[in-house]
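K.L.:
Pasting the sequence and the predicted model now:
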Amino acid sequence: MAKVAFIACALVVLLGGLGAVALRNVFHAALAMVFALAGVAGLYALLSAGYLAVVQILIYVGAISVLIIMAIMVSERFMGRRLVSLQPQWWVAALASGGLALLFVYIGTSPRWTPGNAPAGDLIQALGQGLVGKYLLPFELVSVVLVGSLIGAIYLARER
């Protein structure tokens with residue numbers, strides 16, 4: 001059962017990532033990215049990393065994706081023209097992506113590959129304490145910068 005769930009999540013990630021880079025409509029590409037990020041959250045859940053799965057859903061699928069989609073919706077009207085989505089150098093990116101995929105497959109299927117046995121509880125507890133303790137100010141500053149950039153995009157895109 002776990003193998004079927006892994007294959008399903010991996011397909012969602014692969015198809016979502018492929019859609020994010022191959023679709024011509026920017027809005028549809030952003031929605032495909034949301035599916036890819038949700039698939040990654042599913043992979044985290046399969047790895048018994050519940051905290052990371054929840055953080056993936058809340059931060060990336062929730063906040064960052066909404067911010068990207070909102071920026072696309074606000075700025076596309078402001079741009080007023082469509083950009084060419086297929087660049088002449090697409091084959092270079094496809095070749096590099098294929099090579100990287102082959103490298104990942106080789107590393108993943110290598111007999112020398114052994115997963116680590118690090119205790120996950122201590123790491124997650126340290127991460128949580130860092131986000132609400134030592135790194136609270138930078139964490140909040142990033143949110144202020146994101147809100148400021150969204151307000152700036154809305155100001156620039158509004159009709160005069």
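P.N.:
Thanks, I have the structure now. Residues are numbered from 1 along each chain as shown.
K.L.:
got any ranges where the protein has weak pLDDT?
P.N.:
For the chain, the stretches flagged by pLDDT under 70 are 76-87, 112-123, 157-160.
K.L.:
Contacts only, for the residue most central in space within it.
P.N.:
In the chain, the centroid-proximal residue (CA atoms, centre = their mean) is L37; its distance is 4.7 Å. Taking CB atoms under 8 Å, 6 or more residues apart in numbering as the definition of contact, the neighbours of L37 are 16, 56, 60-61, 65. C-beta: built from backbone N, CA, C; applies to glycine.
K.L.:
and the gap between it and A49?
P.N.:
Distance of L37 to A49, given as CB to CB, to the nearest Å: 15 Å.
K.L.:
And L58, by the same measure?
P.N.:
The value you get for L58 to A49, if CB to CB is used, is 14 Å.
K.L.:
and if you look at L43?
P.N.:
Counting by CB to CB - L43 and A49 are separated by 9 Å.
K.L.:
got it, and L102?
P.N.:
For L102 relative to A49 (CB to CB), the value is 27 Å.
K.L.:
Give me the more crowded residue out of these two.
P.N.:
A49 (17 against 10; other CB atoms under 10 Å).
K.L.:
Which phi and psi values does the more buried one adopt?
P.N.:
Geometry field for A49 lists phi and psi as phi -110, psi 70, criterion degrees, to the nearest 10.
K.L.:
Tell me how far it lies from Y106.
P.N.:
Distance, A49 to Y106, by CB to CB: 25 Å.
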